[in-house]
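Enquirer: Structure here, sequence nowhere to be found:
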């Protein structure tokens, strides 16, 4: 639900980026969020900055919350109407990994959550969070480290008071920049 609300809030920022050849995908997984950016790398940092700002402090509105919650409650039962192999593949995740929830459990949770409770959750979702970040493509090591520090600061540093070791801020290994 939070990923859906964040994507909804990012529509006005993401549309011009899409026209410029940059796109993103934000998914909620049982272990957190998965964000991927693709397209021209020269301006990906601007879109990434906007995405993490919204993730860190989403401006949740009660009416959008109710609309998105109702959409999800309506969409989840329709997953059973997919092709049989797609239904089976979706169930494999539930059976193989923990934590993972069935569509019925997700629907029950969505029906029981209210706006105030969800707002408290959204404000605290990144407390004691951890981040794994893979940057590849047309980036130098220092550029990748700057992006990593920016994401860490927006999502984790502000809530937990963490800071990255100086070794990461000044490069890992040597000072020579090489493409990743």
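Expert: Perfect, I can see it now. Quick caveat: nothing in here was measured; it's all calculated off a predicted structure. Numbers count the residues shown, from 1 in each chain.

Enquirer: now the helices for this structure?
Expert: Read by DSSP state H, the chain holds these helices, from start to end of the chain: 2-9, 11-19, 44-56, 62-75, 84-96, 103-112, 115-124, 141-152, 158-160, 166-169.

Enquirer: Quick one: closest of the ones you listed to residue 36.
Expert: Nearest to residue 36 among the helices of the chain is helix 44-56; the distance by Cβ to Cβ comes to 10.5 Å. Using the backbone N, CA and C atoms, a C-beta is placed for each residue, glycine as well.

Enquirer: can you redo the helices of the chain as TSV with mean neighbour count and mean pLDDT?
Expert: Output for the helices of the chain, formatted as TSV (neighbours: other Cβ atoms under 10 Å; pLDDT from 0 to 100):
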stretch	mean neighbour count	mean pLDDT
helix 2-9	19	90
helix 11-19	13	89
helix 44-56	18	89
helix 62-75	14	90
helix 84-96	11	73
helix 103-112	13	84
helix 115-124	13	88
helix 141-152	17	89
helix 158-160	14	46
helix 166-169	10	48
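
Enquirer: got those as CSV, with distance to residue 28 columns?
Expert: Below are the helices of the chain laid out as CSV (distance: least, Cβ to Cβ, whole Å):
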stretch, distance to residue 28
helix 2-9, 4
helix 11-19, 17
helix 44-56, 11
helix 62-75, 11
helix 84-96, 13
helix 103-112, 10
helix 115-124, 12
helix 141-152, 17
helix 158-160, 19
helix 166-169, 27
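
Enquirer: I'm done for today, thanks for sticking with me.
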